[in-house]
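Trainee: Generate a structure from the sequence data that follows.
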Amino acid sequence: MVEPGVVVVEGDRIRDVGPERIPDDAEVIELGDVTLLPGLMDMELNFLMGGAGGTMMSSVSSLSSYDSTTGTAGPMLGDPLLSGIRTEIRSSLYSVVNTGSSTYNSLASVGVTTNIDGTLSFDSTKFTTAMAASPGAVSSLFAGTDGIAANLNTRITQALQSGGAVDSRGKTLIKQSDALTKQSADLDTQMTALSASLTQQYAALNNLLSSLQTTSAYLSQQFAALPQVQTKG
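Mentor: Numbers count the residues shown, from 1 in each chain. Okay, the predicted model is just below:
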């Protein structure tokens, strides 16, 4: 293991690992407390494991989380789409791959395990042992035709492609948002019309009240002007 680890990436390729000096024009991206497995053997496959919020599974978990202390829920809590994606990812990570070895045919067998919060842990000793014992099996596990990377890529591509689960859900949400916007606009129009109607009714009632008050005052004057009728006892 290289600690502290530095990986220089140029374009879509790893140019150097653990250089003494970082290029002056390089953009530095801090990964935090994670373990990076860059370009295993002759494969362009890179894994990030560990670190708070540093993995795909931890991101998925945060979207569906619920804090009972603050009553704060993740934006996709209870969303079936997110649950489905999480199931697909877990299925890939927990799958047994035909690597030609009955010993090294899963992530757990080479030292990669899943924590309770969805993040991945890396046992470098166990991985080194697997690489020394059966490098071909480790290579097939990660980058074989039916390997973890291919499996994940297939599942994620299907979810993200046009007409896929994410695209379809996005379009549904947009339609729902447009419908709510229209309902809100219609409600505003109705409220404006109702407000105008009530204002007119109030004005009419106010005029009627004023008229009745005027009539009442007039009648009171007329009654007061009438001759008094006296009766003899």
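
Trainee: hang on, isn't A149 packed against F142?
Mentor: Yes: with contact defined as Cβ atoms under 8 Å, A149 reaches F142; the gap is 5.7 Å. Yep, even glycine has a C-beta here, placed from its N, CA and C like the rest.

Trainee: any idea how far D186 is from S140?
Mentor: 60 Å (Cβ to Cβ, to the nearest Å).

Trainee: who's more crowded, these two?
Mentor: A direct count of neighbours by other Cβ atoms under 10 Å for S140 and D186 places S140 higher, at 21 against 10.

Trainee: For the spatially most central residue of the chain, give me its contacts.
Mentor: With distances taken as Cα atoms, centre = their mean, L63 lies nearest the centre of the chain, 5.0 Å away. Contact partners of L63, counting by Cβ atoms under 8 Å, 6 or more residues apart in numbering, are 74-77, 79, 82.

Trainee: how about CSV for the residues you listed, with neighbour count added?
Mentor: As requested, the contacts of L63 are exported to CSV (neighbours: other Cβ atoms under 10 Å):
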residue, neighbour count
G74, 16
P75, 10
M76, 16
L77, 12
D79, 14
L82, 18
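
Trainee: taking those one by one, which sit in helices?
Mentor: L82 (DSSP state H).

Trainee: Kindly present the contacts of L63 as JSON lines, with separate columns for pLDDT.
Mentor: Listed next are these as JSON lines, based on pLDDT from 0 to 100:
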{"residue": "G74", "pLDDT": "84"}
{"residue": "P75", "pLDDT": "83"}
{"residue": "M76", "pLDDT": "82"}
{"residue": "L77", "pLDDT": "84"}
{"residue": "D79", "pLDDT": "84"}
{"residue": "L82", "pLDDT": "84"}
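
Trainee: Might you report the residue contacts of the closest residue to S62 other than its chain neighbours?
Mentor: Nearest-residue entry for S62: G74, 6.0 Å, with adjacent residues in sequence omitted and distances by Cβ to Cβ, 6 or more residues apart in numbering. With contact set as Cβ under 8 Å, 6+ apart, G74 has these partners: 62-66.
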